[in-house]
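S.K.: Predicted model and sequence follow; I will ask about them next.
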Amino acid sequence: MTRMIDIDPAESPRARFAYELRRHRLAARLTQKQLARKIGFSTSAVAMVETSKFRPSERFAELCDEVFGLDGVVTRLYAEVWPPPPPVPAHFREWAIEEQRATALRFWAPMLVPGMVQTEAYARRVLARLPGVLEEEVEQRLAARLRRQAVLSRDDAPVVTALIDEGVLHRPVGGPAVMREQLGHLLAMTRHPKVTIQIVPYGAEALSGLNGAYAIAEMRGNPYVVRVESQPSGRTVSDRSMIADLVNGYDAIRADAYPQHLSISMIEEVVRQKWT
């Protein structure tokens, strides 16, 4: 007999799907094994979906609706939890979806300004410098990046906290004009009611952050997925142990960061001294 694992539907969109699937299965008086036979999937696949460890296919949801006698209930929930991916590289699609539905986003940026608060010129330069990228791809990815930023214009915009290493303010991405505009944009973003920008100074060891950039998505206070940047492409992770380690690392980095009012002063000083 499969051990029942409690799932909190408020923890994440994926947990909500897992909870609702199990609820409908139990209402239909089916075991995991019986449901698996009826939809043509393995019992372990059903069990992993119900414990939020596996993302099912849309066909899985459609077949469950048929078995449960529901009029597209599970399929519609699937579309809410896993909407069609935005036009971004395949390795980034899952994160791009979570970025749009999270209630809070936390970014650690040791090398570049986070994409969520990049200007068009800065983002274009970053994307154009990727090895082997074609001009058409640059424009496609740029358009997708700018669309991602629209989340900050929503009434229910997520709370965003960006920790940016001081070195990022000095890195000449695109030259003085691009950097002047980009740092000006960061200053403007500090006036957004849901955005906090904090600079981590050179003097801070912040050793836990030296391994690379990452971002954390939260749903109502619960960190549930992270985006870890690495070469040649990053990865999106939902492993709870890794999430806990990265959250602890983020808190350690933030403890070394300047508060926002001092960060604003530092950005303004760099603009005056280096990019004017």
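M.R.: Right, received. Where do you want to start? Everything quoted here is computed from the prediction, not taken from an experiment. Residues are numbered from 1 along each chain as shown.
S.K.: Every contact and neighbour count from this point should use C-alpha atoms.
M.R.: Fine.
S.K.: If you average the pLDDT over the helix or strand hosting Arg148, what comes out?
M.R.: According to DSSP states H and E, Arg148 maps onto helix 135-148. For helix 135-148, mean pLDDT is 90.
S.K.: can you check stretch 194-204 too?
M.R.: Stretch 194-204 comes out with an average pLDDT of 94.
S.K.: hmm, who's touching that stretch?
M.R.: 157-167, 186, 189-190, 253-254, 256-260, 263, 266 (C-alpha atoms under 8 Å, 6 or more residues apart in numbering).
S.K.: make it 7 Å
M.R.: Applying C-alpha atoms under 7 Å, 6 or more residues apart in numbering, the contact partners of stretch 194-204 are 158-166, 189-190, 256-260, 263.
S.K.: Apply the buried test to those and list what passes.
M.R.: 158-166, 189-190, 256-258, 263 (16 or more other C-alpha atoms under 10 Å).
S.K.: ok, those residues vs Ala61, which is closest?
M.R.: Of all the buried ones among the contacts of stretch 194-204, Ala61 sits closest to Pro158, with 28.5 Å by C-alpha to C-alpha.
S.K.: pLDDT below threshold where in this structure?
M.R.: Residues of the chain meeting the criterion pLDDT under 70: 1-5, 85-86, 206-209.
S.K.: which stretches of it form strands?
M.R.: 104-109, 159-165, 195-200, 214-219, 222-228, 235-237 (DSSP state E).
S.K.: List the pairing partners of the third one within its sheet, with orientation.
M.R.: Note on strand 195-200: by DSSP bridges, its sheet partners are strand 159-165 (parallel).
S.K.: next one: the helix holding Arg148 to chain centre, how far?
M.R.: 17 Å (C-alpha atoms, centre = their mean, to the nearest Å).
S.K.: which secondary structure elements does it contact?
M.R.: With contacts taken as 3 or more C-alpha pairs under 7 Å, 6 or more residues apart in numbering; DSSP states H and E, helix 135-148 sits against helix 120-128.
S.K.: just how off-centre is the helix it packs on within its chain?
M.R.: Using C-alpha atoms, centre = their mean, the offset of helix 120-128 from its chain centre is 20 Å.
S.K.: Would you indicate which residues of it are buried?
M.R.: Neighbour-count burial for helix 120-128 [16+ other C-alpha under 10 Å]: Glu120, Ala121, Tyr122, Ala123, Arg124, Arg125, Val126, Leu127, Ala128.
S.K.: Over to stretch 180-188?
M.R.: Arg180, Glu181, Gln182, Leu183, Leu186, Leu187.
S.K.: just stretch 135-150 next, same as before
M.R.: Val138, Arg141, Leu142, Ala143, Ala144, Arg145, Leu146, Arg148, Gln149.
S.K.: Where is the longest helix in the protein?
M.R.: helix 240-256 (DSSP state H).
S.K.: got the buried residues for it?
M.R.: Neighbour-count burial for helix 240-256 [16+ other C-alpha under 10 Å]: Ile243, Leu246, Val247, Gly249, Tyr250, Ile253, Arg254, Asp256.
S.K.: could these be laid out in TSV, adding distance to Phe17?
M.R.: Listed next are the buried residues of helix 240-256 as TSV, based on distance: C-alpha to C-alpha, whole Å:
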residue	distance to Phe17
Ile243	20
Leu246	25
Val247	25
Gly249	30
Tyr250	29
Ile253	34
Arg254	33
Asp256	38
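S.K.: number of nearby residues for Ser230?
M.R.: Look at Ser230: counted by other C-alpha atoms under 10 Å, it has 12 neighbours.
S.K.: Once you drop chain neighbours, what's closest to it?
M.R.: Leaving aside its chain neighbours, Ser230 sits nearest to Gly212 (7.2 Å; criterion: C-alpha to C-alpha, 6 or more residues apart in numbering).
S.K.: Look at the one you found and say how many residues are nearby.
M.R.: 13.
S.K.: Quickly note the distance from it to Val247.
M.R.: 14 Å (C-alpha to C-alpha, to the nearest Å).
S.K.: Give me the buried positions along stretch 259-273.
M.R.: Ser263, Ile264, Met266, Ile267, Val270, Val271.
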